[in-house]
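Enquirer: here you go, sequence then predicted model.
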Protein chains: 2
Amino acid sequence: MPRPAPLSGLVLVLCGPSGAGKSTLITRLEAQLPELAFSVSYTTRPPRMGEVHGQDYAFVEPEEFTRRRDAGEFLEHAVVHGNLYGTHRGHVEGLAQGGAVVVLDIDVQGARQVRETDADIVFVFVMPPSFEELERRLRSRATDAEDVILRRLGVARSEMADAPRFDYVVVNDDVAQATSDLAAIVRAERLKRTAPATCAALLG
Amino acid sequence: MPRPAPLSGLVLVLCGPSGAGKSTLITRLEAQLPELAFSVSYTTRPPRMGEVHGQDYAFVEPEEFTRRRDAGEFLEHAVVHGNLYGTHRGHVEGLAQGGAVVVLDIDVQGARQVRETDADIVFVFVMPPSFEELERRLRSRATDAEDVILRRLGVARSEMADAPRFDYVVVNDDVAQATSDLAAIVRAERLKRTAPATCAALLG
């Protein structure tokens, strides 16, 4: 009888307002999860010095981008400073099929677009423990003007209103605890997706 | 703003053939999860010396059992040696609402009955890494006659055929790894069920 199936890959959308600590969580998770991967976005922006096509971005002409977009190749896409950016579904699913845990670090508008596809994706929202703590974190950076901080808090409040639409909400109060929460979600969701292959391997 | 909601309770059906190591896994999980609880079954069997009503079992007359059964109060029920046994839905859900992680250690027939209810329950199947390993484990107990071992292997094969109907399959090759898998499943499923309360608490 063959050995059990290897653990399945996974695609994870990770959202959260600025100050929730999403980047720190991703860095912590990356340190304990070698299978963590990030997708290479498509963009119509020209490459900057040192950027490698297919590594930093897939740099394409606007015509190619819109053709791919209209063919439904993107899980989500957006315009930023007049340039088009898109997350390529085939690329992301290919990584996951190879066993990778692909994290899509996108905003709630992007998450809404992804949710409208039928892709097999887990949605996780990272929350600050309170609005007061979020404000404290944003202020402690000490680099931003008052109006910038107030605008960020307003955006955060609006983004957090989308949290009930996510599969999981991780409260980032203690970063070690939140990392463990995220790791448990990844492990459980991978186990769930591995179950059919495990049964096939063990039951023959 | 109030603090985030406490972690939700959970009801978990844990199945697996004799020799898969289910009892060891439960003991290991219990050591790291204070919220782990077991339900008190109803039975028509008379209490044995030292058994406490409402603690070891809820001892009831056959009339009360059948009345409760016919009213749909049991998630699953079975006859063993002429006595009736049942898992009381209200009792189990009450424990989970209080924050407990309730493990229902039942057989695949029981799991099938539970699956037919609309109760919010997570189904986990514990698998040996192979039939060969299962046979080795059953033989290493060295207390059973050959025909008993062969019968157990046949029953195991039949029970394992139900595994594809479970939400999760945990392969118990390395017991520490399998315990971690089970702990991750419990944590992720609790986080998923806590999300609405977390959002309500943080968004107000």
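Expert: That came through fine. These figures come from a predicted structure and were not determined experimentally. Numbers count the residues shown, from 1 in each chain, chains lettered A, B, ... in the order given.

Enquirer: for the rest of this, base every contact and every neighbour count on C-alpha atoms.
Expert: OK.

Enquirer: and chain A, which residues reach chain B?
Expert: A:1-4, A:129-132, A:160-161, A:163-164, A:167-171, A:181, A:183-185, A:187-188, A:191-192, A:194-196, A:198-199, A:202-203 (CA under 8 Å from any CA of the partner chain).

Enquirer: need the longest helix for chain A.
Expert: The helix that spans the most residues within chain A, counting by DSSP state H, is helix A:175-203.

Enquirer: leaving out chain neighbours, which residue sits closest to residue A:28?
Expert: residue A:179 (6.6 Å; CA to CA, 6 or more residues apart in numbering or on different chains).

Enquirer: could you pull out the helices in chain A for me?
Expert: A:22-32, A:62-70, A:89-97, A:108-116, A:131-140, A:146-160, A:175-203.

Enquirer: redo those as TSV? Include mean pLDDT.
Expert: Shown next, in TSV, are the helices of chain A (pLDDT from 0 to 100):
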stretch	mean pLDDT
helix A:22-32	96
helix A:62-70	97
helix A:89-97	97
helix A:108-116	96
helix A:131-140	89
helix A:146-160	91
helix A:175-203	95
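
Enquirer: tell me which of those sits most buried.
Expert: helix A:175-203 (a mean of 20; mean count of other CA atoms under 10 Å in any protein chain shown).

Enquirer: angle of it against helix B:175-203?
Expert: 130 degrees (axes from the mean of the first three to the mean of the last three CA atoms, to 10 degrees).

Enquirer: tell me the contacts of residue A:152?
Expert: residue A:18 (CA atoms under 8 Å, 6 or more residues apart in numbering or on different chains).

Enquirer: which one of the helices of chain A lies nearest to residue B:32?
Expert: Minimum separation from residue B:32 across those (CA to CA) falls at helix A:175-203, 14.3 Å.

Enquirer: give me every residue that touches residue A:73.
Expert: A:88, A:89, A:90.

Enquirer: how far does stretch A:80-88 sit from the chain's center?
Expert: 16 Å (CA atoms, centre = their mean, to the nearest Å).

Enquirer: contact partners of that stretch?
Expert: Outside stretch A:80-88, the residues that reach it (CA under 8 Å, 6+ apart) are A:39-45, A:62, A:65, A:73-79.

Enquirer: who are the contact partners of residue A:111?
Expert: Residue A:111 touches A:13, A:15, A:76, A:123, counting by CA under 8 Å, 6+ apart.

Enquirer: hmm, I typed the wrong one, I wanted residue A:12.
Expert: Contacts of residue A:12 by CA under 8 Å, 6+ apart are A:101, A:102, A:103, A:104, A:121, A:122, A:123, A:124.

Enquirer: specify the beta-bridge partners of the residue nearest to the third one when sequence neighbours are not counted.
Expert: This points to residue A:103. Nearest non-adjacent residue to residue A:103, counting by CA to CA, 6+ apart: residue A:12, 4.9 Å away. Beta bridges link residue A:12 to residue A:103, residue A:122 when assigned by DSSP bridges.

Enquirer: quick revisit: as TSV, the helices of chain A with distance to residue B:143 would be great.
Expert: Supplementary listing: these in TSV, determined by distance: least, CA to CA, whole Å:
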stretch	distance to residue B:143
helix A:22-32	43
helix A:62-70	66
helix A:89-97	45
helix A:108-116	55
helix A:131-140	61
helix A:146-160	60
helix A:175-203	27
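
Enquirer: quick one: closest of the ones you listed to residue B:156.
Expert: Judging the helices of chain A by CA to CA, what sits closest to residue B:156 is helix A:175-203, at 11.1 Å.

Enquirer: what angle separates that closest one from helix B:131-140?
Expert: Using the same axes, to 10 degrees: helix A:175-203 against helix B:131-140 is 90 degrees.

Enquirer: quick check: residue A:47 vs residue A:83, distance?
Expert: 12 Å (CA to CA, to the nearest Å).

Enquirer: what does residue A:112 give?
Expert: Distance from residue A:112 to residue A:83, by CA to CA: 20 Å.

Enquirer: now swap in residue A:11 and tell me
Expert: 25 Å.

Enquirer: out of the two, which sits in the more crowded spot?
Expert: residue A:11 (27 against 12; other CA atoms under 10 Å in any protein chain shown).

Enquirer: do you know the pLDDT at the more buried one?
Expert: Looking at residue A:11, its pLDDT stands at 98.

Enquirer: contact partners for it?
Expert: A:92, A:93, A:96, A:101, A:102, A:103, A:104, A:120, A:121, A:122.
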